[in-house]
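In: No sequence on hand, only this structure:
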Ligand code: HEM
């Protein structure tokens, strides 16, 4: 029962996250394109009903994930199960902090929480020591979590590629996506500029 909740809430959440990460990859072609794509996507996920559903599945995901991880404590032998627990624990932390930060920025600071909202932390000396690994790991572990589930649920080779190799490919793909997003948001691993209004987020 708890597992089914976690699985279905996760599938709904993953739909949003794929679109969200796709949006960040568009940033490779410039921040203006990132922002205009986000404005299109927002028409869907900022719809009151869709956003309420998203927050609901997020809460279900975090609570059910926490309970499942606690039930698995101790005696984990399989490295894929370990990856599932470690990535899940990180995503749990990340989702709570990330969504609270976005809501704080939006409702308290009255900022448009677009690409510049993330870029402020990623391009400020000192802060970036936290924000670069924080975002890198979010994307890497998102794919790591999917790879671990794939390893356990999939039972056939595809085009001669075995299940373990499929799962490893998902992990490698996730690492590339993570690095590409940070590359886009830091102006090619240097320091991208962002508008004055977002300096309220930095010292
Ligand atoms: C490099 C990685 C990421 C960056 C830079 C980033 C940035 C952002 C930004 C700027 C927003 C605000 C969007 C808006 O105002 O329309 C946002 C919202 C959000 N992000 Fe991320 N994100 C990242 C990764 C992730 C990941 C991996 C997840 C999930 C596992 C995630 C889940 C969410 C959720 C649930 C929201 C709230 C959507 C809403 O209800 O408005 N993000 N993110």
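Out: Looks like it arrived, so ask away. Remember, it's a predicted structure, so these values are computed and weren't measured experimentally. Numbers count the residues shown, from 1 in each chain.
In: what mean pLDDT does the longest helix anywhere in the chain have?
Out: If you go by DSSP state H, the chain has its longest helix at helix 127-153. For helix 127-153, mean pLDDT is 97.
In: And for this structure, the residue most distant from the center?
Out: Distance from the C-alpha centroid of the chain, by CA atoms, centre = their mean, peaks at residue 160 (30.4 Å).
In: can you pull the contacts of it?
Out: For residue 160, no residue counts as a contact, taking CB atoms under 8 Å, 6 or more residues apart in numbering as the criterion. Yep, even glycine has a C-beta here, placed from its N, CA and C like the rest.
In: in this structure, which spans are helices?
Out: So, for the chain - with DSSP H - the helices run 2-26, 31-45, 48-71, 79-103, 115-122, 127-153, 163-185.
In: can you list those helices in CSV and add mean neighbour count and distance to residue 199?
Out: CSV is the format used below for the helices of the chain (neighbours: other CB atoms under 10 Å; distance: least, CB to CB, whole Å):
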stretch, mean neighbour count, distance to residue 199
helix 2-26, 16, 22
helix 31-45, 15, 16
helix 48-71, 15, 28
helix 79-103, 16, 16
helix 115-122, 22, 7
helix 127-153, 19, 11
helix 163-185, 17, 17
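In: who wins for proximity to residue 203 among these?
Out: When these are compared by CB to CB, helix 127-153 sits nearest residue 203, at 7.9 Å.
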